[in-house]
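# missing the sequence, but the structure's below:
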C-alpha cells in the first residue's frame, strides 16, 4: 500500500500496484523517514498547488495537487537482496525508477534514512562556498539544519553558530560543538563575539520567512544569506529598506535537485550522493530518531510533528 495526501490533514492508502510501470524495480521497504518541512506543507495544505519541479527525479516529478503520493526517504531491499535508499513515496512495497535508487551497502537503515537530508545539507554548504575562518550561522535546527551544523563544525570549526527556539534542539547542536543561541539573544551575542562585524554567511532553515528580519541586522557588509527553507504559500513582508539595502546583502536560493554549476562539470548527483553516504558513515545520525509509527498510523506521526515539535526530531514510519 502507498500513502497519499488527499486534503489538509487527511490521508488514505492505495494499492502499491498503482505505481507499477515498465522499467520500475520493486523495493520492499524497511524504514521510511518523514520530512517535517516539505511534508508538513502538504499535511497542512500550505504548498503551492499545481506546482512541479522539472528537475526532480522521475519518481517525484508530478504536480503538487491533492490527492498526491509524496515522499523521498525510504530504505529497503530489491528482490535480489540489494539494500537501497529510495527517493519514493511512503509505502510498504515500492515500484521505483532505477534513477531513484542508491545502494547503501552495510549502512544501517536508521542511518541511511537520513541520506536525502544529508545530501540537502551538503548542497547548502556548497551553496555558501565557505572558507576557513568565515563566520557562519544556521537559523533553524530541524534535521537538515542540524546536519548542516555538523558540516560547519567539521569544516569550519570555531566560527559557527546555530539559532533555534527549542531547547531540545539547541542541546543536540551543542553536542556537535555548535554554539547555540535563542532568537532573543542571537543578535547581541553574535555582535559581541564578532566584535560588531557580523556574519559573512547565514543559512535560513527555520521554514519561517519572518526569520529574515532577525538575520539582516547581524550580517556583515556584503554578507550572503542562503535560503534553504521551502515556504510554500507562507508570506511575510520583510524589511529590505534598511540593513539589507545598506549592507548590500545578497540572497541565494538553494534547492537540491540540480548540483551547483559553479562546482564544475565533474560534480554530479552521483558524486554528491556518494559523499553524503560517506558522511553518514562518519556521523551515524540514527540516534536522532525519536519516534516510530506503523505506516497505517502516519496521521498520528504528522499530528505529533505539527503540534509538538519540541517532543520529537526525526520521525519514521515502519512498513
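All right, it came through fine. Just so you know, these numbers come straight off a predicted model, no measurement behind them.
# Is there a neighbour count for the closest residue to residue 170 other than its chain neighbours? I'd like the number.
Spatial nearest neighbour of residue 170, chain neighbours left out: residue 180 (3.8 Å); criterion: CB to CB, 6 or more residues apart in numbering. From N, CA and C alone the C-beta is placed, and that goes for glycine too. Using other CB atoms under 10 Å, residue 180 has 21 neighbouring residues.
# correct me, but residue 180 touches residue 164?
Yes - between residue 180 and residue 164 there is a contact at 6.4 Å, judged by CB atoms under 8 Å.
# tell me the pLDDT at the residue nearest to residue 170?
pLDDT recorded at residue 180 is 93.
# Check the contact lists of residue 180 and residue 164 and give me the overlap.
Any residue near both residue 180 and residue 164 by CB atoms under 8 Å, 6 or more residues apart in numbering counts here, and that gives 141, 170, 173.
# picking that back up, mind listing the strands the host helix or strand of the residue nearest to residue 170 pairs with, and their directions?
For residue 180, the host element (DSSP states H and E) is strand 179-181. Here strand 179-181 has these sheet partners by DSSP bridges: strand 160-163 (parallel).
# tell me the domain ranges of this structure?
Listed by automatic domain parsing, the domain ranges of the chain are 2-108+284-318, 120-253.
# rewinding a little: do you know how far the residue nearest to residue 170 is from residue 99?
Computed as CB to CB, to the nearest Å, the residue 180 to residue 99 distance reads 38 Å.
# cool, and residue 274?
Applying CB to CB, the value for residue 274 to residue 99 is 15 Å.
# just residue 93 next, same as before
Taking CB to CB, one finds residue 93 at 19 Å from residue 99.
# again with residue 212
35 Å.
# The two: which is more packed in?
Higher neighbour count among residue 212 and residue 99: residue 212, with 22 against 11, using other CB under 10 Å.
# does the residue lying farthest from the centre of the chain sit in a helix, a strand or a coil?
Going by CA atoms, centre = their mean, the residue of the chain most distant from its centre is residue 195, 31.9 Å out. When classified by DSSP: H, G, I helix; E, B strand; the rest coil, residue 195 comes out as coil.
# Return the backbone torsion pair for it.
Dihedral pair for residue 195: phi 60, psi 40, per degrees, to the nearest 10.
# Same check on residue 130?
In terms of degrees, to the nearest 10, the main-chain angles of residue 130 are phi -80, psi 160.
# contacting residues around the nearest residue to residue 106 once chain neighbours are set aside?
Excluding the flanking residues, the one nearest residue 106 by CB to CB, 6+ apart is residue 83, at 7.7 Å. Neighbour list for residue 83: 75, 76, 77, 103, 104, 105, 106, 107, 109, 112 [criterion: CB under 8 Å, 6+ apart].
# Done for today, thanks.
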